Structure formats: structure tokens, C-alpha cells
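A.B. asks: Model the structure of this input:
(one chain, ligands or ions: 2)
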Amino acid sequence: MERDVRALVVLPTYNERENLPGIVEAILGYPGVAVLVVDDNSPDGTGRLADELARRHGDRVRVIHREGLRGLGRSYLDGLQQALNSDAELILQMDADWSHDPSYLPQMLAAAAEYDVVIGSRYVQGVSVVNWPLRRILLSTLANRYVREILGLVPHDCTSGYRCWRREALARIPFGAIASEGYAFLVELLFEADATGCRIGEVPIIFVERRAGASKVSKRVLFESLLTPWRLLGRRLLRHAHPTRRPEPQPTLVPRER
Ligand SMILES: Nc1nc2c(ncn2[C@@H]2O[C@H](COP(=O)(O)OP(=O)(O)OP(=O)(O)O)[C@@H](O)[C@H]2O)c(=O)[nH]1
Ligand SMILES: [Mg+2]
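C.D. replies: Residues are numbered from 1 along each chain as shown. Ligands and ions are numbered 1, 2, ... in the order given. I've put the predicted structure just below:
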């Protein structure tokens, strides 16, 4: 990895106190990479822990403390927009529960020389998921197929939360249009990336079930995930009918000189 690459990992957390210190240390092991924790007022004190890490690591760890309604989508909206206000050239998204191994960071960052957004993908070659019950694997693979079929998206893994963006590509996303509150945010963001002409690449990863803590997937966010592809399809049709509602046409990005 280039020593001077300035990358910022946006790390949403809700009750991740057992996982956070280790994952932050692992990410900071890569030179030129910083962390932005977006904590949703976790009852287990993850936010205070994040503040301690920020004190210890100076400007390589920053923290957003969210108040009010919590949600993964809402947190990513805040985190990604703040990341765009930083000087990071590459902006990443990653879960804090060790499902997304930081050891893939060099590959993700390298692939961003060729692509506007790189997905850490579980489904490039079959299914590379460890320690998930069959029920969970079926739910995830079916959810992916559902999204890909309805929206005609090409990536194998449209619901992965492990991503690396070139800042110019992320800056073109019309954040004001994004309405998902939960996990469906990931699909909506990818839909907008596709609509703005991003080149989307995938790096195969092995996804491992969370190390500690509990899942936050609720019935409400699952329901939102079921509806979201149809809502986005409607948006695409509307944009087609009213071209003024389309995101700005974008020039093709050329890979940066390194
Ligand atoms: N800020 C914030 N973070 C969240 C919220 N829900 C989940 N997260 C974080 O988003 C990441 C993914 O959430 P998980 O609960 O692991 O969801 P998952 O990976 O689909 O479920 P598991 O398989 O059980 O791990 C983790 O880092 C969570 O702490 C939320 O409402 N707000
Ligand atoms: Mg998880």
C-alpha cells in the first residue's frame, strides 16, 4: 500500500464495546488510514470508549455521537458526509464486529485505483461466509438476488457493507435523495452509484460472523429492505420520465496517477 494514501474508514457502532478497540487498532495498523466512529448513543458505552481511543490516537480517530433516532442508514449518511468534509482521498465503510476483516484493506485501497467504488464481496466465487447458520446464508443470498433482479444491478454482492469509495465518486451521490433508515441504505447507495455512472469493482472477501455482541437486525429494517428495491425502481422510472430529476451526468473518472 502507498504510504501516503489518505483513507478514512467510517465505522458505525451500536453496542460494540467488546469489538471496537481491537478493530480500531487493526485498522490503524495500516499507514495513512484513519477512522471515523459513528456511534448511535450506544447504551453499553461504546461512544465513551471511542472518545478514549480518539484521545489516545490524536487525529487518526474521530467520533460522531449521534442523538435522536438511531439507524445504520442515518449513521452512514452523517458519517459519509463528514468524511467528505475531510481531506481523505478514499472513504471506506466497514462493520465494527470483525465480519469485515481489516486485512483486506490493502486490496480494497489498491482496487480503488481502477474503480470508483470497490465492494468487499462475499459472493464473487460462490458463497464465502464463515459461521453463519444455513438460514442466514439463504436470507442473505436471496436478498442479494432480489435486489439484483429488480434493479438490474451487476455486482455479485449488492448488500455488503464493506466498501471503498474514491472521494470524487462519493461526492457525486445525491445524498438528499436517500431515504433508507436501516440496512437498505447500502442498496440505495449502490443504486445511486450505478445511476451516476460509477465504475463498480469487487474484491472477494471471506465474511466471518461477528466476534462478540448481538445483531441489530430488526423486523422493521427487514421490511424496509423488502420495499426498497421497488421504491428505487419507481425512482428510476420517474427520472426516466422527467430527465431533470436525474442526477447530473458524470464524466468518466480516470485512475489517479500514483
Ligand atoms: N451507528 C449505528 N450503527 C449500527 C446500527 N445498527 C447496526 N450498526 C452497526 O453496523 C454494523 C453492522 O451491524 P450488525 O448488527 O453487525 O449487522 P449484521 O452484520 O447485519 O448482523 P450480524 O450478522 O448479527 O453481525 C456494526 O458495526 C453495528 O454496530 C445503528 O442503528 N446505528
Ligand atoms: Mg455484523
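A.B. asks: List the buried residues in stretch 6-25.
C.D. replies: Across stretch 6-25, burial judged by 16 or more other Cβ atoms under 10 Å covers 7-20, 23-24. To be clear about C-beta, it is placed using only N, CA and C from the backbone, and glycine gets the same treatment.
A.B. asks: Next, check these against the helices and list the overlap.
C.D. replies: Mapping the buried residues of stretch 6-25 onto helices (DSSP state H) picks out 20, 23-24.
A.B. asks: With pLDDT as extra columns, can I get those in CSV?
C.D. replies: Output for those, formatted as CSV (pLDDT from 0 to 100):
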residue, pLDDT
Leu20, 98
Ile23, 98
Val24, 98
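A.B. asks: List just the nearest of these to Ser103.
C.D. replies: Taking Cβ to Cβ as the measure, Ser103 sits nearest to Ile23 out of those, at 11.5 Å.
A.B. asks: ok, the closest residue to the closest one other than its chain neighbours to ligand 2 distance?
C.D. replies: On the basis of Cβ to Cβ, 6 or more residues apart in numbering, the spatially nearest residue to Ile23 that is not a chain neighbour turns out to be Ala96, at 5.4 Å. According to Cβ to the ion, to the nearest Å, Ala96 and ligand 2 sit 8 Å apart.
A.B. asks: Contact partners for the residue in the stretch 101-250 of the chain that ligand 2 sits nearest to?
C.D. replies: Closest residue of the stretch 101-250 of the chain to ligand 2, Cβ to the ion: Arg210 (4.5 Å). Arg210 makes contact with 19, 95, 97-99, according to Cβ atoms under 8 Å, 6 or more residues apart in numbering.
A.B. asks: Please tell me which one of the residues you listed counts the most neighbours.
C.D. replies: Within those, Ser99 tops the neighbour count with 24 neighbours, counted by other Cβ atoms under 10 Å.
A.B. asks: Near ligand 2, which residues of this protein? Just list them.
C.D. replies: Taking Cβ under 5 Å from the ion, the part of the chain that reaches ligand 2 is made up of 95, 97, 99, 210.
A.B. asks: Which ones among those residues also lie next to ligand 1?
C.D. replies: Under the cut-off given by Cβ under 6 Å from any ligand atom, ligand 1 has 95, 97, 99, 210 from these close to it.
A.B. asks: can you tell me which of those are in helices?
C.D. replies: Among these, no residue falls in helices (DSSP H).
A.B. asks: before we move on, back to that, right, and the residue nearest to Ile23 touches Val10 too?
C.D. replies: No. With contact defined as Cβ atoms under 8 Å, Ala96 does not count as touching Val10 (10.4 Å).
A.B. asks: all helices for the stretch 151-258 of the chain, in order.
C.D. replies: Taking DSSP state H, counting those that start in this stretch, the helices of the stretch 151-258 of the chain run over residues 167-171, 184-195, 219-241.
A.B. asks: Save those helices as TSV, and put in mean pLDDT too.
C.D. replies: Output for the helices of the stretch 151-258 of the chain, formatted as TSV (pLDDT from 0 to 100):
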stretch	mean pLDDT
helix 167-171	97
helix 184-195	97
helix 219-241	94
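A.B. asks: Is the nearest residue to Leu90 once chain neighbours are set aside bridged to anything, and to what?
C.D. replies: Using Cβ to Cβ, 6+ apart and skipping the chain neighbours, the partner closest in space to Leu90 is Ala7 (4.1 Å). In this entry, Ala7 is beta-bridged to Val33, Leu90, by DSSP bridges.
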